Each structure stands twice: as structure tokens, then as C-alpha cells.
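[1] need a 3D model of the sequence below.
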Amino acid sequence: MYPHRLKKFWESTSMNDSIKRFCVGKDITVADAMQSINSGSKGILFVTDVDDKLIGCVTDGDIRRWLLKTADFNASISRFMSIAPKYLRRGQAKQARQFMLENSITAVPIVDREKKIIDIIYLNELPGSGRIRSSVLKTTPVVIMAGGKGTRLYPYTKILPKPLIPVGDIPILERIINRFCEAGAQEFFISVNYKRNMIKSYFGEDEHPYTIEYIDEDIPLGTCGSIRLIQKQFDKPFIVTNCDTLIDVDFGDLMSYHLSSQNLITVVAALKNTTIPYGVFEIGENGAIENIKEKPVISHLINTGMYVVNPELIPLIPENIMFHMPDLLEKVRQQNGKIGLFPVNEDAFLDMGEFAEMKRMEEKLRLVEG
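    I've put the predicted structure just below:
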């Protein structure tokens, strides 16, 4: 099935370059590894030694677990990488699909006699593969905050409410719902205010494999206040998210982490790398320069606007006043409640709140040429 791919490799150095994008040394930092995973959008890096031989691998899940445990962006990936990566030998490429399914992996490198990588096969790139649907959110309610005016996207939002602004040819709200449906979600609660009838009309035109209950805000209630208007009594954790962000998250891992950690709220946070475009001095005593870092990169975890919330927190939300999720986080923190953080890669968080970010979202989804 795959001999032509190996033939193309030997005939073209560009294949070699594409493989190198997903290979790193064991001494790179966690922040750099996350950046490399972001740029490749494959969720995995293969670790090679100075002779380009395969010695390990690290996934975005490995990085997330490390950050949850230590919050150390500057550590070397050698601290937690897998030192027994799965691989196939040259001539075994036909076995790749079955091998990946049996070993619950999404990518497998093909190596030569010296254990140097000559190809990488990805499960989702094989014929007939696509986004895998699951049922992990089958009984999890999803609350989407869609009542804002979207002033940063004016004049688009003078005509359409922000949730109906198309990304490609599909409204952002529909794309968000579709992502949740891929994880099995069936029950949605959508908070609406500005141009609410247009939103209701759009989703009322066709039948859907999910239900929508609208939360009508007569006055703006922020990113949290409208939850008090939901009539249904939740008996398990539910998800709250904004209507202008697409977040590529493993919902199974997210819900498992929330439950096993016994969090009251889990915040999905994305890595954000900020480059300071200058040389930065490290100063010692008496103003002496001890070190100069040229254009250093500072890594932060930023709030994506997605949360897993326990139902017992709903009474903490005041009725009929503006109240945001950070306000609820602060209330829980003041009461010594447990708040957890679930990190995702920078490119897993796509925000269309501004025009530049909307273009980035379209490029990332390959809806336009970058």
C-alpha cells in the first residue's frame, strides 16, 4: 500500500525536510517542544540523537501531563519522553494501519537498519480516515455563551450576530457545535441576547442530531450570569464555552482529568509564546550585566474561555446581574475550592474575536490559502 511513499522519499530531499519538522533532540525545552508540535499539527514529535537515530517520542498529552505536574516550561523533554517509541522497519509499511490501531497510536515512523527515520505514517492521513467520533460527551451538557454584540467584529456584527458570522461557509457557532458532536455531545444550552431571533431561526430551519435550549438574556449577563436562567437541574459536570473560539481538545482526557482531580472547575488554558523583539539584560549587583538574552520567548498559559463546571457551583452565581466566569473562579478560590488547569497547545486554540484572528482561524482550518 505504501511502497510509492518510500520511493518518493529517496527521490526527493523535500520528504527529508518534512520529516525533520517532526524530529527534535532530547534537550529541547517543553516550551520549544510545544511550539514544534503546534507548527506540525500532528500532536507528536520523534526524538533523535546526534546521529539522527530514533531514541524516543513525546506527544502533546505527555507535555500536558508534565505541565499539570510541574508547570515547568523550561525543563528538557528528556525528563518525561517515552524511551521506547513504537516503529516499523523498512518494508513493513503495509502493516502501519493495523499496527497503529493495535498499539493505540496515531503515528508510526518507518526506520532503516540504523534506526534512522525514513518516513512517518499518520493514521488520519490514510485512505478512509478522518476525524474520529466518540461518545465521551454523550451525557455532558454544553453551555455556549452567544449573547454578546461582537463589537470587535463591527461592521459585520451590525448585520449578523457574531455566532452566525461564517468561517469559510459555516457559521462559527455551528462549527463549535459540530466539534462537540464529534465527541458525542447531544444537549446544548445557548445563551442569546443580541439578534437572538436570527440565531434561533438559523438553527430552527433543519433537524439536528442534538437538542438546543435557548437561554434568553433580557439584559446582558456576562460570560456566566445566564447559567442561573437554565431551568434544568444538572446532576453532573457540564461544559461552558464561548461562541467565538474553536478549541481542539481531547474531551475524554479533559473530563477524566476534571473528575480524577476532584476539581470544582477546570479551566482549559492554551500555551501562548510571546517574543520580546529586543535583547534583554540580566542585571547583577551595582548594575553589572550578567547575561544578554537576544529576543527571548516568554511562555504563558492563557484562558481559552472553556470550562468544566460542577453543578453545585451554580448557586454561587448571582441572579440577574452581570457576572463573568473569572468572577466565579474568584469566588471558588476565596472559598478554597479546587480549580484545575488543563493545558492545550497554542494552535489548538482558535479565536475569531478580531479580524486578524478570524483570518488565522480560516488559514488553520485550511479554508483559505495562508
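[2] partners of F189 in the sheet?
    V143, E213 (DSSP bridges).
[3] that one reaches I230, doesn't it?
    Yes - contact criterion Cβ atoms under 8 Å: F189 and I230 qualify, at 5.7 Å. Any C-beta I mention is one placed from the backbone N, CA and C, and that applies to glycine too.
[4] out of those two, which sits in the more crowded spot?
    Taking neighbours as other Cβ atoms under 10 Å, F189 and I230 compare with F189 leading, 23 against 16.
[5] give me every residue that touches the more buried one.
    P141, V142, V143, I144, I212, E213, Y214, I215, I230, K232 (Cβ atoms under 8 Å, 6 or more residues apart in numbering).
[6] need the max-distance pair from those residues.
    Using Cβ to Cβ, those span at most 14.9 Å, a distance reached by I144 and K232.
[7] so if I had to pick from the two, which one is more boxed in?
    The neighbour count for I144 versus K232, taken as other Cβ under 10 Å, is higher for I144 (22 against 11).
[8] test my guess that the more buried one contacts E174.
    No - with contact defined as Cβ under 8 Å, I144 does not reach E174; the gap is 11.0 Å.
[9] buried subset of the contacts of F189, written for PyMOL?
    Buried residues among the contacts of F189 (16 or more other Cβ atoms under 10 Å), as a PyMOL selection:
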select buried, resi 141+142+143+144+214+215+230
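[10] which of the contacts of F189 lies closest to G43?
    Closest to G43, out of all of the contacts of F189 and judged by Cβ to Cβ, is V142, at 23.3 Å.
[11] just checking, the closest one touches A185?
    Yes - using Cβ under 8 Å, V142 makes contact with A185 at a distance of 5.2 Å.
[12] what ranges in this structure fall below the confidence cut-off?
    Applying pLDDT under 70 to the chain picks out residues 1-17, 38-41, 128-133, 152, 154, 156, 353-362, 364-370.
[13] go again using 50 as the cut-off
    Residue ranges of the chain with pLDDT under 50: 1-15, 368-370.
[14] which residues of it fall in helices?
    3-11, 13-20, 30-40, 60-70, 96-103, 156-159, 172-182, 196-204, 251-260, 325-334, 355-364 (DSSP state H).
[15] list the buried ones in the third one?
    Yep, that's helix 30-40 we're talking about. Under 16+ other Cβ under 10 Å, the buried positions of helix 30-40 are V30, A31, D32, A33, M34, Q35, S36, I37, N38.
[16] give the contact list for L68.
    By Cβ under 8 Å, 6+ apart, the neighbours of L68 are Y257, G340, L341, F342, P343.
[17] so what's the first one closest to, chain neighbours aside?
    With Cβ to Cβ, 6 or more residues apart in numbering as the criterion, Y257 has its nearest non-adjacent residue at 5.7 Å, and that residue is F342.
[18] isn't that neighbour right up against V268?
    Yes - F342 is in contact with V268 according to Cβ under 8 Å; the separation is 5.1 Å.
[19] what sits in contact with each of these two?
    Common neighbours of F342 and V268 (Cβ under 8 Å, 6+ apart) are V249, L254.
[20] quick check, nearest of the buried residues of helix 30-40 to I44?
    Of the buried residues of helix 30-40, the one sitting nearest to I44 (Cβ to Cβ) turns out to be I37, at 7.2 Å.
[21] re the thing from before, let's see the ChimeraX selection covering just the buried ones among the contacts of L68.
    Burial among the contacts of L68 is assessed by 16+ other Cβ under 10 Å; the matching ChimeraX selection reads:
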select :257,340,341,342,343
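[22] can I get the helices of the chain in a markdown table including distance to G284?
    Below are the helices of the chain laid out as a markdown table (distance: least, Cβ to Cβ, whole Å):
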| stretch | distance to G284 |
| --- | --- |
| helix 3-11 | 51 |
| helix 13-20 | 39 |
| helix 30-40 | 25 |
| helix 60-70 | 28 |
| helix 96-103 | 51 |
| helix 156-159 | 52 |
| helix 172-182 | 50 |
| helix 196-204 | 59 |
| helix 251-260 | 42 |
| helix 325-334 | 37 |
| helix 355-364 | 40 |
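[23] so which bits of stretch 182-195 are buried?
    Counting neighbours by 16+ other Cβ under 10 Å, the buried set in stretch 182-195 is 183-195.
[24] doesn't A185 make contact with T211?
    No - if you go by Cβ under 8 Å, T211 and A185 don't touch, sitting 10.3 Å apart.
[25] how about the contacts made by Y210?
    Counting by Cβ under 8 Å, 6+ apart, Y210 has contacts I177, C181, A185, Q186, E187, F188.
[26] mind redoing it with 7 Å?
    C181, A185, Q186, E187, F188 (Cβ atoms under 7 Å, 6 or more residues apart in numbering).
[27] ok, of the residues you listed, which one's closest to N263?
    Taking those together and measuring to N263 by Cβ to Cβ, the closest member is A185, at 19.9 Å.
[28] skipping adjacent residues, who's closest to the closest one in space?
    Nearest to A185 is L137, by Cβ to Cβ, 6+ apart, at 4.1 Å.
[29] burial count for N124?
    Count around N124 with other Cβ under 10 Å applied: 12.
[30] how close does it sit to T304?
    23 Å (Cβ to Cβ, to the nearest Å).
[31] same question for A348.
    9 Å.
[32] quickly list the domain ranges of the chain.
    3-125, 142-364 (automatic domain parsing).
[33] picking up where we left off before, okay, the buried residues of stretch 182-195 in TSV with distance to I321 next?
    Formatted as TSV, the buried residues of stretch 182-195 follow (distance: Cβ to Cβ, whole Å):
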residue	distance to I321
A183	33
G184	34
A185	29
Q186	31
E187	27
F188	25
F189	19
I190	21
S191	15
V192	18
N193	14
Y194	18
K195	23
